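>>> One predicted model, sequence on top.
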Amino acid sequence: MKEIFVRIPEIKFEGSESKNPFAFRFYDADKVVLGKKMSEHLPFAMAWWHTLCAEGADMFGSATADKSFGARKGTMEHAKAKVDAGFEFMHKLGIRYYCWHDVDLVQEADDISETNARLDEITDYILEKSKETGIKCLWGTANLFSNPRYMNGAGSSNSPEVYCFAAAQIKKALELTVKLGGRGYVFWGGREGYETLLNTDMALEQENIARLMRMAVEYGRKIGFGGDFYVEPKPKEPMKHQYDYDAATAIGFLKAHGLDKHFKLNIEANHATLAGHTFEHELRVSAMNGMLGSVDANQGDMFLGWDTDEFPFDVYSATFAMLEILRGGGLGGGINFDAKTRRPSYTYEDMFHAFILGMDTWALGLINAAKIIEDGRLDAFVKERYSAYRDTDTGRKILSGDCTLEELAERARGLGKPRLPSGGGQEKLQALINSIIFG
Ligand code: XUL
Ligand code: CO
């Protein structure tokens, strides 16, 4: 097999003092943290689309990067060259998982049977590579947003014929996820929303999306898919309003339609911030509802109002994310870099630097979060802050759920003024976090 990334070595851990740009400074795959190897805490995945397909085109300019990998674009030879490039790339970085949309793998044909035949052929090839290397599928999904037929949505389309195409693509993508041994199957509803309520029957659209998800669960279980289905919340872009706005909205939707037993959430950092939340907020909401599934790791730019999908650099954010993940019992899914290099970072070297940055940032997040947990003072503070619910008769009464408004009003009458327990301690805790991280 011809090497594609010829000037780039396998990336190894060299420690924080290393000056080698092609080395990890913090990600040490076999290092044990809180009883588990870093590589187990951090099941990193490569996104097929950003890594092997996207060439840096934006609304104002054409491609800057060349992802032909020596083959004519759009051919099966090109699809295979992407597989070769992807597996070499993941191998050199020590990444053990990948994620894909159907149309990332092959060029879509005019006829869906031809597209499916191409998908069969390419996944045979991926499977071979997977067996050789041990690199596996984290999750698969159907792209139900790029093709013009989805201009009015997929599950939320006003056209039953478009709805059938969405069903056909989901069916095939589920079969391929099972074939490739994927841990999960994702629904990201990029076009499942609306531009104006003037033309929209929101109730019908949402019920139709739920019907499609229900059929997907039934079919997936029938063909032996034992993994989790994920919804990936995002509030906007490309649509003005998307139905899976944020974690709380998506959980409400799944519960309302009886889908919550089969679904968890795939939380993306930049989607959280677009929704006006921190990444850790979205992870907490998922975890406390037993629905923390997988993560799309990236970060946005707070000066911009869209999804910039940057490689993670913000160590505080990675630290607070890992705190939520560790406290939530880890991820059944993984950490998919749904991230792209900036347009001028168009070389193969830039692709490696981007992943080294992302993996080291998350490794730092893990190391810091473990230190905070082992230190114990943060958890102790929170425990103490709510201690009156355990230690007082009134607190215990409220938690028991066995009380009435009248009873509590009676207690209030006897109190005079409520005792005000210690405040939030925000500044003290922030200083504590800094002292643990940098101390
Ligand atoms: C879009 C996005 C998608 C999903 C998969 O913002 O995050 O790439 O992750 O469809
Ligand atoms: Co994503």
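Done, it's in. Ligands and ions are numbered 1, 2, ... in the order given.
>>> For the stretch 301-439 of the chain, just list every one of the strands.
For the stretch 301-439 of the chain, the strands defined by DSSP state E, counting those that start in this stretch cover 335-337.
>>> buried residues in the strand or helix carrying Asp124?
Using DSSP states H and E, Asp124 falls within helix 112-133. Buried residues in helix 112-133, defined by neighbour count with 16 or more other CB atoms under 10 Å: Thr115, Asn116, Arg118, Leu119, Ile122, Thr123, Tyr125, Ile126, Lys129, Ser130. Using the backbone N, CA and C atoms, a C-beta is placed for each residue, glycine as well.
>>> Between those, which sits nearest ligand 1?
Leu119 (16.5 Å; CB to the nearest ligand atom).
>>> doesn't Gln107 make contact with the closest one?
No. Using CB atoms under 8 Å, Leu119 is not in contact with Gln107; the gap is 10.7 Å.
>>> burial measure for Pro238, as a count.
14 (other CB atoms under 10 Å).
>>> can you list the residues of the stretch 301-439 of the chain near ligand 2?
Within the stretch 301-439 of the chain, the positions near ligand 2 by CB under 5 Å from the ion are Asp338.
>>> What ranges does the stretch 301-439 of the chain have for its helices?
Using DSSP state H, counting those that start in this stretch, the helices of the stretch 301-439 of the chain run over residues 315-327, 348-375, 377-385, 388-391, 393-400, 405-415, 426-438.
>>> With mean pLDDT added, can I get these in TSV?
Listed next are those as TSV, based on pLDDT from 0 to 100:
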stretch	mean pLDDT
helix 315-327	98
helix 348-375	98
helix 377-385	96
helix 388-391	96
helix 393-400	97
helix 405-415	95
helix 426-438	97
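>>> nearest to ligand 1, of these?
Proximity to ligand 1 (CB to the nearest ligand atom) singles out helix 348-375 among these, at 15.0 Å.
>>> buried sites along the closest one?
Under the neighbour-count criterion of 16+ other CB under 10 Å, helix 348-375 has 348, 351-373 buried.
>>> How about stretch 267-286?
By 16+ other CB under 10 Å, the buried positions in stretch 267-286 come out as 267-275, 277-286.
>>> Over to stretch 157-171?
In terms of neighbour count (16+ other CB under 10 Å), stretch 157-171 has its buried residues at Ser157, Val162, Tyr163, Phe165, Ala166, Ala167, Gln169, Ile170, Lys171.
>>> Ser39: which of those residues is nearest?
Ser39 lies nearest to Ile170 out of the buried residues of stretch 157-171, by CB to CB, at 31.3 Å.
>>> Relative to Leu420, how far out is the nearest residue to Ser159 once chain neighbours are set aside?
In this structure, Ser159 finds its nearest non-sequential neighbour in Asn152, 6.9 Å apart by CB to CB, 6 or more residues apart in numbering. As for Asn152, its distance to Leu420 is 54 Å (criterion: CB to CB, to the nearest Å).
>>> More neighbours: which of these two?
Neighbours of Asn152 and Leu420, each counted by other CB under 10 Å, are more numerous for Asn152; the result is 16 against 6.
>>> Isn't Leu274 up against Glu237?
Yes. Contact criterion CB under 8 Å: Leu274 and Glu237 qualify, at 6.9 Å.
>>> who touches both of these two?
Trp306, Asp307 (CB atoms under 8 Å, 6 or more residues apart in numbering).
>>> Do you know the pLDDT at the residue of the stretch 301-439 of the chain found nearest ligand 2?
Nearest to ligand 2 in the stretch 301-439 of the chain, going by CB to the ion, is Asp338, at a distance of 3.7 Å. Predicted confidence (pLDDT) for Asp338: 98.
>>> Run through the residues that contact it.
Ala47, His50, Cys99, Glu268, Asp296, Ala297, Asn298, Asp309.
>>> In those, find the pair that's most separated.
Pairwise distances across the contacts of Asp338 (CB to CB) peak at 13.5 Å, for the pair Cys99 and Asp309.
>>> Looking at those two, which one has more neighbours?
Comparing Cys99 with Asp309 by neighbour count (other CB under 10 Å), the higher total belongs to Cys99, at 29 against 21.
>>> Verify the assumption that that one is located in a strand.
Yes. Per DSSP: H, G, I helix; E, B strand; the rest coil, Cys99 lies within a strand segment.
>>> Quickly list what it is bridged to.
Beta bridges link Cys99 to Ala47, Trp139, judged by DSSP bridges.
>>> how about it, what does it touch?
Ala45, Met46, Ala47, Trp48, Cys137, Leu138, Trp139, Gly140, Thr141, Val186, Asn336, Asp338.
>>> Select only the buried ones of these in ChimeraX?
With 16+ other CB under 10 Å as the burial test, the buried ones among those are selected in ChimeraX as follows:
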select :45,46,47,48,137,138,139,140,141,186,336,338
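>>> okay, the contacts of Cys99 in JSON lines with distance to Phe229 next?
Formatted as JSON lines, these follow (distance: CB to CB, whole Å):
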{"residue": "Ala45", "distance to Phe229": "17"}
{"residue": "Met46", "distance to Phe229": "21"}
{"residue": "Ala47", "distance to Phe229": "19"}
{"residue": "Trp48", "distance to Phe229": "19"}
{"residue": "Cys137", "distance to Phe229": "15"}
{"residue": "Leu138", "distance to Phe229": "14"}
{"residue": "Trp139", "distance to Phe229": "10"}
{"residue": "Gly140", "distance to Phe229": "11"}
{"residue": "Thr141", "distance to Phe229": "10"}
{"residue": "Val186", "distance to Phe229": "8"}
{"residue": "Asn336", "distance to Phe229": "16"}
{"residue": "Asp338", "distance to Phe229": "18"}
